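Enquirer: Structure for the following, please:
(chains A, B and C)
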Amino acid sequence: MAHATATRSLQSAFLGRWQQENAASLEEARRALYRFVQNRLSLVGLGLILALVVVALTGPLWAPYPADATGAIHAADRFLSPQPGHLFGTDELGRDVFSRVVLATRLALVSGLIILAVAISIGVTVGSIAGYFGGWLGESLMRVTDMMLAIPGIFLALAITAAMGPGIIHAIMALSVTWWPGYARLVQGQVQAAREQDYVEAQRSIGARPGRIIFLHILPNMISSVIVKASMDFGFAILSLASLGFIGVGAQPPTPEWGEMISYGRQFLPQFWWYSTFPGLAMFVAVFGFSMLGDGLRDVFDPKSRI
Amino acid sequence: MTDAEALLAVRNVTKAFAIRGGLFKTRIGEMRAVDDVSLTIPAGTSYGLVGESGSGKTTLGKVILRLVEPTTGQILFEGKDLCQLTGDELQLQRAGMQMVFQNPYSSLDPRQSVKSTVAEPLVIFGRARGKELDDRVRSLIATVGLRDEHLYRFPHEFSGGQRQRIGIARALALEPKLLVLDEPTSALDVSVQSQILNLLLDLQQRLGLTYLFISHDLAVIRYVCDRVGVMYLGRIVEEAAVEELFARPQHPYTRSLLSAIPEPDPDHRFQPVEVNGEIGRLALDDRGCRFAPRCPFVMDRCRQIDPALEATGSAHLVACHLYSDGAVSS
Amino acid sequence: MSSIQSRVSDTPSGPVVEIEDLRVNFRTFDGVSKVLVGVDLRLERGDVMGLVGETGCGKSVTALSIPQLVPSPPGEIVGGDVRFLGQSVIGKSPAELRQLRARHIGMVFQDPNTNLNPVFTIEQQMIDVCLCRLGYEGAVSVTPFHRSRRDLWQQARNTAIALLHRVGFPNPEQRIKSYPHELSGGMRQRVLIAMSLAGNPDLLIADEPTTALDVSTQAQVLRLIRDLVDEFHLTVLLVTHNLGVVAQVCNRVAVMYAGRVVESGEVRRIFKSPAHPYTVGLLRAVPTMETRRGALEEIPGTIPNLLSPPPGCRFHLRCPHAMDVCGVEPPPPMRPIGDGTTVACHLYDGDDLNFRPDRPVDQVVDKVGTAGND
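Expert: Purely as a prediction, here's the structure:
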């Protein structure tokens, strides 16, 4: 008993101190939350995304026909229209569209995450080095970036997957490689501007080396713009993946993927409309949700709304 | 006082920026923000650097700390030439000279708490850690007049004066001998300015600091400094002890500057000395005195030859043809 | 130069500006900030009044309230009145306010770099302003190409050149075609002053007109303002934090602290024998050519947070003469205490109007009883 109370008091003492030390950050977080909540659309966006995340995580547990995503075929149930039992109808192989859409959610979200994680890592590194050091190093890095930006991402991804062969993994890799220049551009400009700030000069005068300055001081101050761009990009990353799937170089059957489903379902329009429509709706929900979320985050992080 | 005895001796320092033009941005000339400047500061004293925009005073301050690389010249700190040092040696010397910046709103990282900001120099140099670090930070905070409860707050919660105190605490963390203060009170309100100025005087006495005080405000310089250098377009045009400069200004620019200060005394309406035009810009190949286009006493000689800094009295230096060759006219 | 001749002869008498108990709130994220809590100000014709104060005292908001330019969210007027030439400006329609700003009030703002449109020449901008002052709104559309408009355009151009001459802009005939970025800071400020004078405004409001300028340029511009005031009998409200500027240019001064005018009167009187403790502290905190090393006085503490200001007088926590009543009751409305000075302070609530806070402290204690601090 005494042991329990001692632990609890220790915990509360620790918590108390942590609260005191981080009081200001907590206060900031509270304000940010307040600002975010004021924007209705961004709340909608957040809601949609959370719903998608839940679906992605738990889908396999409650999708009515999970086997339909891994190769099961029910020839007798071809092209059933939406009805109880098959909420989104069935496709040409009798597979339940609803289950396939739900299970494709996980693929979409995870691949979006990977694409952005890789893109941000490369892009932010390239951009900060170019922005901080400038000179010929910065110039050459930015010219490489410009070259990559000049080529439409889809074509580049297409070229890469054509070279490496179709498949979802290759598609993700291709998209990651084409996505980083946007972040490099974003970060380079900001780092270059931040470099002129007084507090960066102050850091140099107290002896900090460039690495420390960039990672501990400059980047944290621009993390917000990266987050905003990332949340908006998420939707478009999924869209791009779907585009590749649409062309046929993304996910391969039987793996369900929204883009591939939309594409394949085109030939059955308008009679069997549910084939393309429901994956399309799922796509819409994801892109819309992320865009609204990004918008809301941008309002939250807008420095002008800071006092 | 020889260079060897002074805490800081600046010798013939020039900072030139390349001017690029034409199709391929080739270098077509240079603009000297700081042009062949020399000065010495004995330990424990305050040297004021006064000038308006374009004078190069801020650039000179940064060059001395090697935040900006000088083009030529020597910077002798405690006898060692900083321009020759690199890497770790330079880092060590850096600890001995620190800067206080002008703008209290942008010289602190908005994401760093006060404790983190003030502790950072100590962390970078590995001077303290854990509890010792904590104690050092607390005592620094107290030295500048802040309290323990301020430690975990962020810059945007403080007023300008308080932020400037934080900046001063950070600058004192490594126990420097020289502080370069770049317009430390220009961005502050009047009532706060006096607090900070008195704090700086107090610190200098208590900690035996040496100041290089950069400002455009002559009254402030007079209040804080022992010796003053007046800069115009990259050159020191006059240098003297504070009282001497204000009592007997010699260079026409100094005189016009002094006459232009609006004193808060309604009975003495100022009569600014008429000077042509506004502060000039350096053309590419200027010969002659840079103040010549505006000087009310300009002579032919002034347009041909750039006057050198020469002594005209006890420790009073002027760069003006009116006083060269011992001829004291006007 | 008839267009800029003074209109002294045909002007109505009476104060140009009367601000009575003006209260303005600003809505912020953290709550309502009571920026002005009862400002009283009065400008007679021919006054050059300095409105002095530090950050957060509300001097800019006060000045902007005259042409009703206080941004309306988040600011709102919650009490009091602002009268210009006898008429309240608070109820006026947008059209009437536009007339007011075009014909009767000239404004010069702080930063000459951002107050001129960088993509138009000085000529275009000056003519635009002159046409507005002559009564033609939408003046930019009056180009010189249409024959019937050409005379009008030419007339405005002549006015512009005359104005630029008068403000010491060198060679206006040629240089009027320059772009703002081709001019120095002092030149740009002269252009702004010229613009504000077009059409002989009844009132010139200058908000920190020389703060962004170098000392020597500032001196030139202040000389210019002084000369223009003398020549055209202008009425000027000069907002600044620089006491030196006030002393050199103004004949009257109003000192503000945290949303209230605490002292107002003739410049000489107030600088020589200030009545309000804040004014005393302020004057002693400015280093001059006579200040001895270490003799600069401080006003302890900092400017109050306008979201949760201290009770009673907003200055009492920093005031060396604070009494018990100061922490409870806000200061009384401004009272005249002789020689044209009015003060809002509990120290002058009684009958002793000759009291001045720069008497030695022991005398002060005798006079006002227990002086409770903080």
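
Enquirer: where exactly do the helices run in the chain?
Expert: With no chain named, the answer covers chain A. A:2-21, A:23-38, A:40-62, A:97-133, A:135-150, A:153-164, A:168-195, A:198-205, A:210-212, A:219-247, A:258-265, A:274-301 (DSSP state H).

Enquirer: Chain B was what I was after
Expert: Shown for chain B, the helices assigned by DSSP H span residues B:57-64, B:87-94, B:114-124, B:130-143, B:160-172, B:190-207, B:218-224, B:242-247, B:252-259, B:300-304.

Enquirer: Adjacent strands (with direction) for the helix or strand hosting residue C:78?
Expert: In this assignment (DSSP states H and E), residue C:78 forms part of strand C:75-84. Strand C:75-84 has its sheet partners listed here by DSSP bridges as strand C:17-28 (antiparallel), strand C:87-88 (antiparallel).

Enquirer: most tightly surrounded among the ones you listed?
Expert: strand C:17-28 (a mean of 18; mean count of other CB atoms under 10 Å in any protein chain shown). The C-beta positions use only the backbone N, C-alpha and C, and glycine is treated the same way.

Enquirer: Run the chain-centre distance for that strand.
Expert: With CA atoms, centre = their mean, to the nearest Å as the basis, strand C:17-28 stands 15 Å off its chain's centre.

Enquirer: want to throw the strands paired with strand C:75-84 into a markdown table with mean pLDDT?
Expert: Below are these laid out as a markdown table (pLDDT from 0 to 100):
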| stretch | mean pLDDT |
| --- | --- |
| strand C:17-28 | 91 |
| strand C:87-88 | 89 |
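
Enquirer: Dump those into a markdown table; add distance to residue B:216 as well.
Expert: Putting the strands paired with strand C:75-84 into a markdown table (distance: least, CB to CB, whole Å) gives the following:
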| stretch | distance to residue B:216 |
| --- | --- |
| strand C:17-28 | 33 |
| strand C:87-88 | 43 |
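
Enquirer: circling back to that earlier point, gap between the strand holding residue C:78 and the chain center?
Expert: For strand C:75-84, the distance to the chain centre is 16 Å (CA atoms, centre = their mean).

Enquirer: do stretch A:135-146 as well
Expert: For stretch A:135-146, the distance to the chain centre is 27 Å (CA atoms, centre = their mean).

Enquirer: Buried residues, that stretch. List them.
Expert: A:138, A:141-142, A:145 (16 or more other CB atoms under 10 Å in any protein chain shown).

Enquirer: what's the closest of those residues to residue B:58?
Expert: For the buried residues of stretch A:135-146, the residue nearest residue B:58 by CB to CB is residue A:138; the value is 25.1 Å.

Enquirer: pretty sure that closest one is touching residue A:131, no?
Expert: Yes - between residue A:138 and residue A:131 there is a contact at 6.8 Å, judged by CB atoms under 8 Å.

Enquirer: any common contacting residues for those two?
Expert: Listed as contacting both residue A:138 and residue A:131 by CB atoms under 8 Å, 6 or more residues apart in numbering or on different chains are residue A:188.

Enquirer: quick revisit: dump the helices of chain B to JSON lines, plus mean pLDDT, distance to residue C:210 and mean neighbour count.
Expert: Putting those into JSON lines (pLDDT from 0 to 100; distance: least, CB to CB, whole Å; neighbours: other CB atoms under 10 Å in any protein chain shown) gives the following:
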{"stretch": "helix B:57-64", "mean pLDDT": "92", "distance to residue C:210": "20", "mean neighbour count": "24"}
{"stretch": "helix B:87-94", "mean pLDDT": "83", "distance to residue C:210": "38", "mean neighbour count": "14"}
{"stretch": "helix B:114-124", "mean pLDDT": "91", "distance to residue C:210": "34", "mean neighbour count": "22"}
{"stretch": "helix B:130-143", "mean pLDDT": "92", "distance to residue C:210": "36", "mean neighbour count": "15"}
{"stretch": "helix B:160-172", "mean pLDDT": "93", "distance to residue C:210": "20", "mean neighbour count": "24"}
{"stretch": "helix B:190-207", "mean pLDDT": "92", "distance to residue C:210": "16", "mean neighbour count": "20"}
{"stretch": "helix B:218-224", "mean pLDDT": "92", "distance to residue C:210": "16", "mean neighbour count": "23"}
{"stretch": "helix B:242-247", "mean pLDDT": "92", "distance to residue C:210": "23", "mean neighbour count": "17"}
{"stretch": "helix B:252-259", "mean pLDDT": "90", "distance to residue C:210": "15", "mean neighbour count": "22"}
{"stretch": "helix B:300-304", "mean pLDDT": "85", "distance to residue C:210": "30", "mean neighbour count": "14"}
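
Enquirer: between these, which gets nearest to residue B:153?
Expert: Judging the helices of chain B by CB to CB, what sits closest to residue B:153 is helix B:114-124, at 5.9 Å.

Enquirer: That closest one and chain C, any residue contact?
Expert: No - judged by CB under 8 Å from any CB of the partner chain, helix B:114-124 stays clear of chain C, getting no closer than 15.9 Å.

Enquirer: Who are the packing partners of that helix?
Expert: helix B:130-143, helix B:160-172 (3 or more CB pairs under 8 Å, 6 or more residues apart in numbering or on different chains; DSSP states H and E).

Enquirer: Can you lay out the helices of chain B as a markdown table showing distance to residue A:294?
Expert: Formatted as a markdown table, the helices of chain B follow (distance: least, CB to CB, whole Å):
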| stretch | distance to residue A:294 |
| --- | --- |
| helix B:57-64 | 40 |
| helix B:87-94 | 42 |
| helix B:114-124 | 30 |
| helix B:130-143 | 39 |
| helix B:160-172 | 33 |
| helix B:190-207 | 41 |
| helix B:218-224 | 48 |
| helix B:242-247 | 58 |
| helix B:252-259 | 54 |
| helix B:300-304 | 62 |
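
Enquirer: Any regions of chain A where pLDDT drops low?
Expert: Where chain A drops to pLDDT under 70, the residues are A:1-25, A:302-307.

Enquirer: ok, now which ones touch the residue nearest in space to the middle of it?
Expert: In chain A, the C-alpha nearest the mean C-alpha coordinate belongs to residue A:234, at 3.2 Å (CA atoms, centre = their mean). Shown in contact with residue A:234 (CB under 8 Å, 6+ apart): A:112-113, A:116, A:286, A:290, A:294.

Enquirer: Show me which of those is closest to residue A:205.
Expert: residue A:116 (36.5 Å).

Enquirer: Now that closest one. Nearest residue, chain neighbours left out?
Expert: In space, and not counting its chain neighbours, residue A:116 is closest to residue A:230: 5.3 Å by CB to CB, 6 or more residues apart in numbering or on different chains.

Enquirer: Mind checking the helices and strands packed on helix B:114-124 for the one nearest to chain C?
Expert: Chain C lies closest to helix B:160-172 among the helices and strands packed on helix B:114-124, at 6.6 Å (CB to the nearest CB).

Enquirer: Give me the below-cutoff pLDDT ranges for chain B.
Expert: Applying pLDDT under 70 to chain B flags residues B:1-5, B:22-25, B:280-286, B:325-330.

Enquirer: picking that back up, might one say that the residue nearest to residue A:116 is in contact with residue A:118?
Expert: No - with contact defined as CB under 8 Å, residue A:230 does not count as touching residue A:118 (11.9 Å).

Enquirer: For the two, indicate the residue with more neighbours.
Expert: Each of residue A:230 and residue A:118 has its neighbours counted (other CB atoms under 10 Å in any protein chain shown); residue A:230 has more, 20 against 17.

Enquirer: OK, contacts around residue B:100?
Expert: B:164, B:167-168, B:171, B:179-182, B:184.

Enquirer: For chain C, what lies in contact range of chain A?
Expert: Applying CB under 8 Å from any CB, one finds that chain C approaches chain A through C:28-30.

Enquirer: can you count the residues close to residue C:89?
Expert: Residue C:89 - counted by other CB under 10 Å - has 19 other residues nearby.
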